[in-house]
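Participant: missing the sequence, but the structure's below:
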């Protein structure tokens, strides 16, 4: 079985996540997760020292019957901050099919939302972003390892979280 999901299945998940405004409460978060086709996952502390920063881990089953997609949602103080889709793990061996998948996702998202921006230069791998309906779509591809991740987050929530983190970093 191919471990790389079909690009269309991935783009469908991204489009479903950005179709409505970003969740501002638990009911809206539950509605988003239901639309995306996953239930409650395994909650664990995120990779920070802040106990209010929680990560949920899921395996999404694409509608096309392809391989599952590992997903993580991050919450701070009960509000969802972001969703990350891990299409291929960073430890995976290089795979031309992963590069083709990345290229197809970029083409499809560019056709839907216009040319992406590149947040900064000089980083390892390729990174593209779109800003759609006040939501950021952030795709990172490491071509030397064929790892592919997609981050989806509310631009305002992310800015608030960053401001909160800066203000409370001295604690």
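Facilitator: Good, I have the coordinates. What you see is a predicted model, and the numbers here were worked out from it, not measured in a lab. Numbering: from 1, shown residues only.

Participant: any idea how far residue 99 is from residue 15?
Facilitator: Distance, residue 15 to residue 99, using C-beta to C-beta, to the nearest Å: 22 Å. Where you see a C-beta, it was placed from the backbone N, CA and C, and this is true even at glycine.

Participant: ok, the residue lying closest to residue 106 once chain neighbours are set aside to residue 22 distance?
Facilitator: Nearest residue to residue 106 in three dimensions, chain neighbours excluded: residue 128, at 6.2 Å (C-beta to C-beta, 6 or more residues apart in numbering). To residue 22, residue 128 is 20 Å away according to C-beta to C-beta.

Participant: Please identify which of those two sits among more neighbours.
Facilitator: residue 22 (25 against 19; other C-beta atoms under 10 Å).

Participant: Name the nearest residue to that one, ignoring sequence neighbours.
Facilitator: Per C-beta to C-beta, 6+ apart, closest to residue 22 is residue 154, 3.3 Å.

Participant: Let me see the ranges of the helices in the protein.
Facilitator: Residue ranges of the helices in the chain, as given by DSSP state H, are 7-18, 26-36, 96-113, 155-167.

Participant: what helices or strands is the shortest one leaning on?
Facilitator: Contacts of helix 26-36 with other secondary structure elements, assessed using 3 or more C-beta pairs under 8 Å, 6 or more residues apart in numbering; DSSP states H and E, are made with helix 7-18.

Participant: what packs against the helix it packs on?
Facilitator: helix 26-36, strand 69-76, strand 79-88, helix 96-113, strand 135-142, strand 147-154.

Participant: Run a quick neighbour tally on residue 108.
Facilitator: 17.
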